[in-house]
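In: show me the folded form of this:
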Amino acid sequence: METVDPRSRLTALAAARGDSLAALSAMIGRNPAYLQQFVTRGSPRRLADDDRRRLADYFGVDEVELGAEPGRRPFVLPRLDIAASAGPGAFVDGEIVLGAAAIDPALASRLGLRDGQAAIVRVRGDSMEPGLVDGDLIVVDRARRTPDARGAVFVVRIDDAVMVKRVRRGRGKPMVTSDNPAAAAVPEGAVEVIGRVVWLMREPR
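Out: Here you go, the predicted model:
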């Protein structure tokens, strides 16, 4: 199969639509010279996964044409507008998609994630410290909603509040606790398990 040079292909796609590389760089949130340097200087050597995906979506082409490895397309997860509080709880504003993030398909396979079943939400509060801190982004597998007797970290809804807590199977209902012993008591109410936290997307601190 003929190999497509991603730099030449990007240049041709931009020319066909009358788009400048500077404008495309701005569209993906980069400085105006970013794509020009990629095309003419080979810096960066490869487009970042998110940049490549956004450009491929914009032009309506396969990511392979812009340098993705065949058969290794990123596994894309939506970021949902849900306040998953690690403190007393936060009200749900609705499952509005704020954006998306891509993870390596090998990682998605290892975590057992399936399309349409996983999402990214942000942690608020400190009741799950030290494991989870305020601002952490977590991957929630909504296909896994059944705690066992050992327990794990889940996103749950208690009445109208959505929070991230440690949950284990109890007699007749899930047992919900915080990891931080100084945290406020978990509110009373019916517990709905939304999904298990399977990955933490934290930048180095």
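
In: for the rest of this, base every contact and every neighbour count on C-alpha atoms.
Out: Will do.

In: so after the lowest-mean-pLDDT helix or strand in the chain, what's the next helix or strand?
Out: Within the chain, no helix or strand scores below strand 90-91, which has a mean of 53 by mean pLDDT, DSSP states H and E. Counting by DSSP states H and E, the next helix or strand C-terminal to strand 90-91 is strand 97-103.

In: what helices or strands is that next one leaning on?
Out: If you count contacts as 3 or more C-alpha pairs under 8 Å, 6 or more residues apart in numbering; DSSP states H and E, strand 97-103 packs onto helix 49-59, strand 75-85.

In: got these as a markdown table, with mean neighbour count and mean pLDDT columns?
Out: Below are the helices and strands packed on strand 97-103 laid out as a markdown table (neighbours: other C-alpha atoms under 10 Å; pLDDT from 0 to 100):
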| stretch | mean neighbour count | mean pLDDT |
| --- | --- | --- |
| helix 49-59 | 17 | 85 |
| strand 75-85 | 21 | 73 |
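
In: CSV for those, including distance to residue 143?
Out: Shown next, in CSV, are the helices and strands packed on strand 97-103 (distance: least, C-alpha to C-alpha, whole Å):
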stretch, distance to residue 143
helix 49-59, 25
strand 75-85, 14
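
In: just so I know, which of those lies nearest residue 145?
Out: strand 75-85 (15.7 Å; C-alpha to C-alpha).

In: wait, residue 134 sits on residue 164?
Out: No. Using C-alpha atoms under 8 Å, residue 134 makes no contact with residue 164, being 11.2 Å away.

In: which of those two has more neighbours?
Out: residue 164 (32 against 16; other C-alpha atoms under 10 Å).

In: show me what the more buried one is bridged to.
Out: Residue 164 forms beta bridges with residue 155, as assigned by DSSP bridges.

In: surely it is in contact with residue 156?
Out: Yes. Residue 164 is within contact range of residue 156, at 6.1 Å (criterion: C-alpha under 8 Å).

In: what segments of this protein are helices?
Out: In the chain, the helices defined using DSSP state H lie at 6-17, 21-27, 34-41, 49-59, 105-111.

In: residue 140 is nearest to which of these?
Out: Among these, the nearest to residue 140 by C-alpha to C-alpha is helix 105-111 (10.6 Å).

In: now that closest one: buried residues?
Out: Judged by neighbour count (16 or more other C-alpha atoms under 10 Å), helix 105-111 contains these buried residues: 105, 108.

In: what's the distance between it and the middle of its chain?
Out: Remark: helix 105-111 is offset 13 Å from the chain centroid, using C-alpha atoms, centre = their mean, to the nearest Å.

In: could I get it in CSV with only the CA atoms?
Out: Taking Å, rounded to 0.1, in the frame of the first residue of the first chain, the C-alpha atoms of helix 105-111 are listed here in CSV:
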residue,chain,number,x,y,z
PRO,A,105,-6.2,1.9,22.5
ALA,A,106,-4.0,-0.6,24.3
LEU,A,107,-4.8,1.1,27.6
ALA,A,108,-8.5,1.1,26.8
SER,A,109,-8.4,-2.6,26.0
ARG,A,110,-6.5,-3.3,29.3
LEU,A,111,-9.2,-1.4,31.2
